[in-house]
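Novice: Next comes the sequence, and after it the predicted model I'd like to discuss.
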Amino acid sequence: MDSTSIRDSYDAVADAYAQGFTSDLSAKPLDRAMLTAFAEQVPSGGSVADLGCGPAQVACFLADLGIPVLGVDVSPGMAEVARARRPGLDVRVGSMLDLPLRDGELAGGVAFYSLIHLQAEERPLAYAEFARVVRPGGLVLAAFHAGEEIRHRDSWFDRPVSLDFFALRPDEVAAGLSAAGFKVEATLMRGPYSDEADTERAYLLARRL
């Protein structure tokens, strides 16, 4: 699966996805807690990027906490949905493997369920990009399905797609972030909420050295 497949798949479902997931944080107290902890600790004086922002539910949550935030998504369709949801939000189209951001532009980055589409050999490139764009002392918060399972979708919201969803081992994500120049400061694991897929979730908070 390449970035074109990811882009085209999310373009195909952008409007339906936004309707289904725009308010999903309201039913996820631990997600909100981790995002709030991130917001309280991220250094001031710089923006935070919602990396793989989709319809910008995370970006909007952080903005409502007073965090200067922008979005990045590989799907132009998702970027359009995000801009419509929060007029004035800076949403850039680009890949996590080549972020449309300057070196050290960010005080922090949040990657909620966006690493899960990357192949194993691509993830170190994404971590290196996080390290490039997040200044020393900045924070990254990653959320993902935990484990080793791979699920594939050919249809989503009754539309044709081609997407792989990789569950990730928290120790491997932590090692990858560490190798890229981060120090993991907190890890949280939780089971699925009643309306979620039956997978364990992991959250890693890491600081740029």
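Specialist: Received it, and whenever you're ready, just let me know what you need.
Novice: contacts and neighbour counts: CA atoms only from here.
Specialist: Noted.
Novice: Quick one: residues contacting Ser114.
Specialist: Shown in contact with Ser114 (Cα atoms under 8 Å, 6 or more residues apart in numbering): Leu51, Gly52, Phe144.
Novice: could those go into a markdown table alongside neighbour count, pLDDT and distance to Asp90?
Specialist: Putting these into a markdown table (neighbours: other Cα atoms under 10 Å; pLDDT from 0 to 100; distance: Cα to Cα, whole Å) gives the following:
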| residue | neighbour count | pLDDT | distance to Asp90 |
| --- | --- | --- | --- |
| Leu51 | 28 | 98 | 12 |
| Gly52 | 25 | 96 | 13 |
| Phe144 | 25 | 98 | 24 |
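Novice: Out of the residues you listed, name the ones that lie in strands.
Specialist: Leu51, Phe144 (DSSP state E).
Novice: As CSV, the contacts of Ser114 with distance to Glu122 would be great.
Specialist: Putting the contacts of Ser114 into CSV (distance: Cα to Cα, whole Å) gives the following:
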residue, distance to Glu122
Leu51, 15
Gly52, 15
Phe144, 16
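Novice: Can you tell me which of the contacts of Ser114 is closest to Asp15?
Specialist: Nearest to Asp15 among the contacts of Ser114: Gly52, at 15.7 Å, using Cα to Cα.
Novice: For the spatially most distant residue from the centre of the chain, give its distance to Val93.
Specialist: The outermost residue of the chain, judged against the average C-alpha position, is Asp158 (24.1 Å), by Cα atoms, centre = their mean. Look at Asp158 and Val93: by Cα to Cα, to the nearest Å, they are 25 Å apart.
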